Each structure stands twice: as C-alpha cells, then as structure tokens.
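J.: Quick one, what's the 3D model for this:
(4 chains)
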Protein chains: 2
Amino acid sequence: MTQRRTRPTINQVAEAAGVTKSSVSRAFTRPEMLSADTVSKIFAAAEKLGYVPNHTARALSTGRHGNIALIVPDVANPFFPPLIRAAQAEADRSDYCVFLGNSDENPQQEDKLIGRFGGQVEGLVLASSRLGDEQIVAHSTRRPLVLINRDVEGIPRVLIDSATGVAEAVEHLAALGHKRLVYVSGPHGSWSNKQRRNAVRRSARQLGMEVSVISNEYAAFESGRRITANVLATGATAAIAFDDLTAQGMLAELLDRGISVPEQFSVVGCDDVLGAATYPALTTVSNRSVEAGKTALTLLIDILENNAIRDVRYVLNTSLVVRGTTGPAAG
Amino acid sequence: MTQRRTRPTINQVAEAAGVTKSSVSRAFTRPEMLSADTVSKIFAAAEKLGYVPNHTARALSTGRHGNIALIVPDVANPFFPPLIRAAQAEADRSDYCVFLGNSDENPQQEDKLIGRFGGQVEGLVLASSRLGDEQIVAHSTRRPLVLINRDVEGIPRVLIDSATGVAEAVEHLAALGHKRLVYVSGPHGSWSNKQRRNAVRRSARQLGMEVSVISNEYAAFESGRRITANVLATGATAAIAFDDLTAQGMLAELLDRGISVPEQFSVVGCDDVLGAATYPALTTVSNRSVEAGKTALTLLIDILENNAIRDVRYVLNTSLVVRGTTGPAAG
DNA sequence: GCTTGACGTGCAACCGGTTGCATAACATAA
DNA sequence: TTATGTTATGCAACCGGTTGCACGTCAAGC
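T.: Below is the predicted model of the structure:
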C-alpha cells in the first residue's frame, strides 16, 4: 500500500506563492479583498501542491464546521430512509455534511449520541425523538434543534399530522358498517402514537363506535403477528395499526389463521411505507416523510445561516389511502 | 428562546482548579500521569462549570477526530438500512461517529461526497460504490478505505458472494423442470450485478438451460413492473431478478396480467430484504448485509487503530431461501 | 506638491486543545 | 548528608487556519 503523504498546509502554499498565509487564507475565503494577480498566483501554487484547506483548523477558528446531525430511532424502519435521504439531499445543497445516529428507540442511547455529535455539529434534527420534553429543551439551549414528529413548545418542529388521515380511516370503517374497532399502539414515547390513538378515540366516539387499545411496544412485523390473537379476542371487526409494519404482520398472521381480509376482518396501516406491496394491498394513511425531512433541514439551515430564531410549528396533513384490506363489516 | 452560552474552555477549568491547562488536558486524556488529588480537583471544577473538551480543537492538535464516513448509493433501497444500522452500531462501540452519504447511484455525486467528507474523517466505507477502479484507488491513497460489494485488488473489501445463492437458485429451477430462464439486470456499475449475471450464465450453461438477459438500469418496484412485458416476450418460464424490489414489481405486474405465480411463472429475487412480506412469499437469495456492514467497520477501525495495513478480501456466502414464488415449469 | 482616502498586504493574536521537555518536590539509597 | 531517581506539574511550542488592525503605496482632489 502506498504511503499516505501529509497534506500541504497554508504555510507551504504561502511560501510557494511568495505571500503570507493571511493572503492565502483570504484567497480562499474572501478573494475580493485581494488583487486579481495575487489571487491567481496563490491558486496556481495551491493547485500545484494539491492544497485543500484543513476543515478542522478552519472550524476551530471560525466556530463553524458545516455539519449537522440527524438522529432517528431506527434506520431500518422503512419510515425513515426516505426521510433520511431527503434530509441528506437538502443538506448537500447547502454544503452541509450530515452525521447519522440510530438511537435504537432508546432515550439513553439518543442522549449519548447527541452528546457525542454535539461538539462537531452546528445543529441537530431529532426525528421521532424518544427523549423527555425537559431533555429536549435542555439540549436546545446548547445548540439549534429541529424536531420531526414531536411537539414541544418553543422548539422548531415539523409535524406529520396523521390525525387527519386516521380520522378519515375511522369514518371509512364506520361507513362500511364496522361497530367495534381496535387500535394497536406503537412505541410508548412516540408522539405520533399518542396522536393516532387520540384521533381514533375521538372519531370513534363521534361516530358511536367502540374502541379497544392494544399495546405493542416495538412496532414491527413480528410483533404485529404476535398481538393479532389479542386483537381478535376483543371481538372487533376491524383494526387500525400504529404503522404499516405492524399491519403487515397482522395480515400475515390473519392469513395463517385462515381469516380472510377484508371479508372477515379489516386492517388499516399507517405511514404508507409499503406502497401496494402487501397482499392484499394495504389500506393506510399517507406519509409525508420526504417533505418532513426536507422541511426540517430547510428550517435548520435557515436558523443557522440567518440566525432566524423563531418558534415554527410546521404541520403536514395526511389522508387515507384506500386499497384492499378494508371492506364491509362481517356478519 | 434562551441565550446559548459559550461553552467553558480548558483555561477556565484550569483557573478554577488552580492548575495549568496542561494538567486539565491530562486529567481528561491520561489521568494516570497526575496525582489522584489533582485529578479529582480538576474533575470537580470541570463538573461545576459544565466543561466538555472541544472536539474540534482536540482533533486539530491530535489529527484524530474519530469520524468515519459511510457512502451508499441509495439509503432508501431496503438493502442498505440494515447495513447502515449495523455499521453505525459498530462505530458507536468504538466511539466513532459516522457521516452518511447518499450518492444517488451517481459517481460524480459519490466523488463529491468523498471530497466533502474527506477532511473530517479518518476513514471511509464505500458500499456498492459506483466509482471507477482508478478513482477508488486514488481515494485510497489519501486515507483508509474499505469497500463493500466491490472487488478492487489491494483495497480491503467485504464481499457478499451472491454467486453461491444464485447458482442454487438456477439448480432449484432446473430441478423444477424449467428450461428457459431470464436474468433481469441491475445498475450498470454494480459489481453485484455483474457477479449475479455471470453466476446465472455459468450455472445455466452447466445445466443445459437457455438464458436471456434483460437490462434494467434502476432497480426498483416500478421498473420491475415495466420490464415484465419484455421478460414474458422471451418465452421463458422463470426469472431471476437482480434484487427483491425488481422481483416484487414483477410479481405485481404478473398478478395484474392474470399470470399466476408460481403456477404459470416462477420468480426469484435477490437480497432477501422483504422477508415473507410479498404475496406469494418471494423465493430469494439470502442477504448478509448486516454482517457486511459490521465487518466493514470492524476492519476499518482495526486499520485505524492498529495501523494494520493488509489486503483483506472478506467473502460472505449466500444461499437460496425457497418460499412461494417458484414451482414446477408450466406446460 | 501635499493631503486624503482607498486599496492591498502583512503582523500577530486567537480559536482550544496536546505534548515534549524542563524543573521542582519528594522519596530512596549510599 | 548528599547523590540519585521518581513523580507531578508547568512552560511554551504547535496543530492550521482566520481576522482586526496597522502600515505602505498609489491615485485623485485641491
């Protein structure tokens, strides 16, 4: 393997160009301060030596490193990758680099990551944070913070309002003649979960439907399978699940138990992460995660560059996407 | 919004503790050099002021920032999130922070990202890189590099050998009586694609089967749907797709065309990213992406910490996972 | 021809740590 | 008691840039 040469420094360029390092520095940051001659002389020397300004040194003296951190509970949850991708693209447009953190749905891990990233980022985006409000507020005093799917007063936040879509789902089921309904919960600390649960309850009450709530800490395919027995035990004819993964697990389990969907039981998911890829294709609540990721980054960058300190609460509405897992109530 | 206080520096801690900054520095890096008394005095002062060493400054003088970069072609492709997650977890265990880059399957973008990250990472992992060999070699002279699913001589690499699994798939189809086979290609620059295509051809030749290759630049659900007509036009009775997403798109399209799977047509995917979530459940080639991510990071960290410069070529074998989309040849 | 101002460049301090070397304090051995 | 070694701490240079200020030069204005 070839030897890794140490990179040339500003001083070497200065010497090669016959100027001081101040001028080299200015040539790269504020060339309009220098004569055109000097600038081109410096660029020529830099080019020849293969000089690239040292990011770390620059960050130390300016206090700006152009990094931001994005922390999510679970990269592998299909809700996040499109969000991550959108955020990353938006960061890139403004020449920011993004640190990605995976908290494993664990507040302690999330806290630890924030600490570790803390020193080298200018701002953070926390998606579906599992931290307590006080911790979030505490972190926000240290550096700019934008939240996704978490509603904390005074902190800029982007919220995907699944309540609108969930309400539509309940109405849809009511219209199909369903009377008894189950809501299958998601992670405990999840703001979206609370929001969805409340929306189901509220709409159901208005429509005179009965609702049971079944808890299910870790939202995923397998746990969806597992809680299906409990769901059926309630005697309900339809279920709304915290997310598509849970719904998909339920679908598989119902199929295995010989319960046909939607003839004998209706299932609604949330987040539309699977497209039409389940069988039957899943009726679900639309997802705005790409917009959420992009918006959060736009917001954060705006705060960083314009020192725009404001209390933004950006809400993205959702709606019901009717596919094949909902039908008239059995019996 | 509350005022963001500037963080205390090493000097303030030194003053508060009645020592010089050298001692404070040592208290945090090599406490065994100091008397227990001094250390606890310093820690007490640091604690009281809320001091945290400045990562940037430390990086500048030591040349080590404890960051690594991971670049993937598409975060939203379900092959990568588990890999990313595993890599991130492994990095975390050794206190490294990870930058995530999304190249959008674009070599230029990939190159740009490497450049942007370059100055602030100690090493890079390129997953399924779309760069040319020379570019990869060039980058590797600058700083440690580990490749995933890319086989470049002299550069540490972790390869998921889908050839073994793909060969099994071809044998499986032959055993079911299929004579004509299609391989649906993936991205042009993809090493995995080349490997899979060759494996299909080789095994088919040995088993006396006929193979057509259909190209399909962007591997995804929609493009899988789109190329299905071409696949059927070949007269084949079975297809092996570059990845599960493509296979899933084909499944949907076949269903829409009233062609039943596996009775009339057999489909095999690759990477096992969908689990049993398709309908029928997809027969596919197993995926070792979690191990790949973890191994790549272990390798990189080993290189960084032990200066272990070696030409590693780590191969992870795969095998066929038979589910419900393959059956006896029609007619 | 002298003042004034604009412009281009250099000087030196600073960002916040780390580290090789010198030295003081103290313990041990002769 | 003095020489010798060990240990804990301080001094100051260094990492590689940025930036406020001072200074010298040259052209325009009177």
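
J.: mind listing the helices in the stretch 201-331 of chain A by residue range?
T.: Along the stretch 201-331 of chain A, the segments classed as helices by DSSP state H, counting those that start in this stretch run A:221-233, A:244-256, A:289-306.

J.: buried set for the second one?
T.: Neighbour counts over helix A:244-256 (16 or more other Cβ atoms under 10 Å in any protein chain shown) mark A:Asp244, A:Leu245, A:Thr246, A:Ala247, A:Gln248, A:Gly249, A:Met250, A:Leu251, A:Ala252, A:Glu253, A:Leu254 as buried. Glycine gets a C-beta too; all of them are placed from N, C-alpha and C.

J.: Least confident of these?
T.: Within those, pLDDT reaches its minimum at A:Ala252, with 87.

J.: could you list every residue that touches A:Thr246?
T.: Contacts for A:Thr246 (Cβ atoms under 8 Å, 6 or more residues apart in numbering or on different chains) come out as A:Val184, A:Gly186, A:Asn216, A:Ala219, A:Ala220, A:Phe221, A:Ser223, A:Gly224, A:Ile227, A:Gly269.

J.: I'd like the residues you listed as a markdown table, with neighbour count appended.
T.: Output for these, formatted as a markdown table (neighbours: other Cβ atoms under 10 Å in any protein chain shown):
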| residue | neighbour count |
| --- | --- |
| A:Val184 | 31 |
| A:Gly186 | 25 |
| A:Asn216 | 22 |
| A:Ala219 | 28 |
| A:Ala220 | 18 |
| A:Phe221 | 20 |
| A:Ser223 | 18 |
| A:Gly224 | 28 |
| A:Ile227 | 21 |
| A:Gly269 | 30 |
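
J.: could you dump those residues to JSON lines with pLDDT?
T.: Shown next, in JSON lines, are the contacts of A:Thr246 (pLDDT from 0 to 100):
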{"residue": "A:Val184", "pLDDT": "97"}
{"residue": "A:Gly186", "pLDDT": "92"}
{"residue": "A:Asn216", "pLDDT": "89"}
{"residue": "A:Ala219", "pLDDT": "74"}
{"residue": "A:Ala220", "pLDDT": "80"}
{"residue": "A:Phe221", "pLDDT": "84"}
{"residue": "A:Ser223", "pLDDT": "91"}
{"residue": "A:Gly224", "pLDDT": "92"}
{"residue": "A:Ile227", "pLDDT": "95"}
{"residue": "A:Gly269", "pLDDT": "96"}
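
J.: which of those are close to chain B?
T.: A:Phe221 (Cβ under 8 Å from any Cβ of the partner chain).

J.: Looking at the contacts of A:Thr246, which is nearest B:Val211?
T.: Comparing these against B:Val211 with Cβ to Cβ picks out A:Phe221 as the nearest, at 34.2 Å.

J.: So the closest one sits against A:Met250, correct?
T.: No: when contacts are counted by Cβ atoms under 8 Å, A:Phe221 is not listed as touching A:Met250 (9.3 Å).

J.: can you list residues touching both of those two?
T.: Contact criterion Cβ under 8 Å, 6+ apart; no residue bridges A:Phe221 and A:Met250 by contacting each.

J.: quick one, phi/psi of the residue positioned nearest the centre of chain A?
T.: Closest residue to the average C-alpha location of chain A: A:Ala127 at 4.0 Å, with Cα atoms, centre = their mean. Phi and psi for A:Ala127, reported as degrees, to the nearest 10, are phi -100, psi 130.

J.: Return the residues in contact with the residue nearest to it when sequence neighbours are not counted.
T.: Closest residue to A:Ala127 apart from its sequence neighbours, by Cβ to Cβ, 6 or more residues apart in numbering or on different chains: A:Ile148 at 4.2 Å. With contact taken as Cβ under 8 Å, 6+ apart, A:Ile148 is in contact with A:Leu83, A:Val125, A:Leu126, A:Ala127, A:Ser128, A:Arg157, A:Val158, A:Leu159, A:Ile160, A:Ala292, A:Gly293, A:Ala296.

J.: For DNA strand D, state which of the residues you listed is nearest.
T.: A:Val125 (25.6 Å; Cβ to the nearest atom of the strand).

J.: Now do the SS call for the closest one.
T.: Put simply, A:Val125 is strand when judged by DSSP: H, G, I helix; E, B strand; the rest coil.

J.: neighbours around it, how many?
T.: A:Val125: 29 surrounding residues under other Cβ atoms under 10 Å in any protein chain shown.

J.: show me the residues around it that make contact.
T.: A:Ile68, A:Ala69, A:Leu70, A:Ile71, A:Ala87, A:Leu145, A:Val146, A:Leu147, A:Ile148, A:Ala296, A:Leu297, A:Leu300.

J.: what's the answer for A:Ile71, then?
T.: So, once contact is read as Cβ under 8 Å, 6+ apart, A:Ile71 ends up touching A:100-103, A:110, A:113-114, A:117, A:124-127, A:129.

J.: thought A:Ala167 was touching A:Ser203?
T.: Yes: judged on Cβ under 8 Å, A:Ala167 makes contact with A:Ser203 at a distance of 4.5 Å.

J.: quick one: the strands in chain A?
T.: Counting by DSSP state E, one finds strands in chain A at the ranges A:67-72, A:97-102, A:123-127, A:145-148, A:157-161, A:180-184, A:210-214, A:238-241, A:266-268, A:284-285, A:313-317, A:320-321.

J.: and these as a markdown table, adding distance to DNA strand C?
T.: Shown next, in a markdown table, are these (distance: least, Cβ to the nearest atom of the strand, whole Å):
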| stretch | distance to DNA strand C |
| --- | --- |
| strand A:67-72 | 16 |
| strand A:97-102 | 20 |
| strand A:123-127 | 18 |
| strand A:145-148 | 21 |
| strand A:157-161 | 30 |
| strand A:180-184 | 48 |
| strand A:210-214 | 49 |
| strand A:238-241 | 48 |
| strand A:266-268 | 52 |
| strand A:284-285 | 47 |
| strand A:313-317 | 33 |
| strand A:320-321 | 51 |
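
J.: Please consider this matter closed, and thank you.
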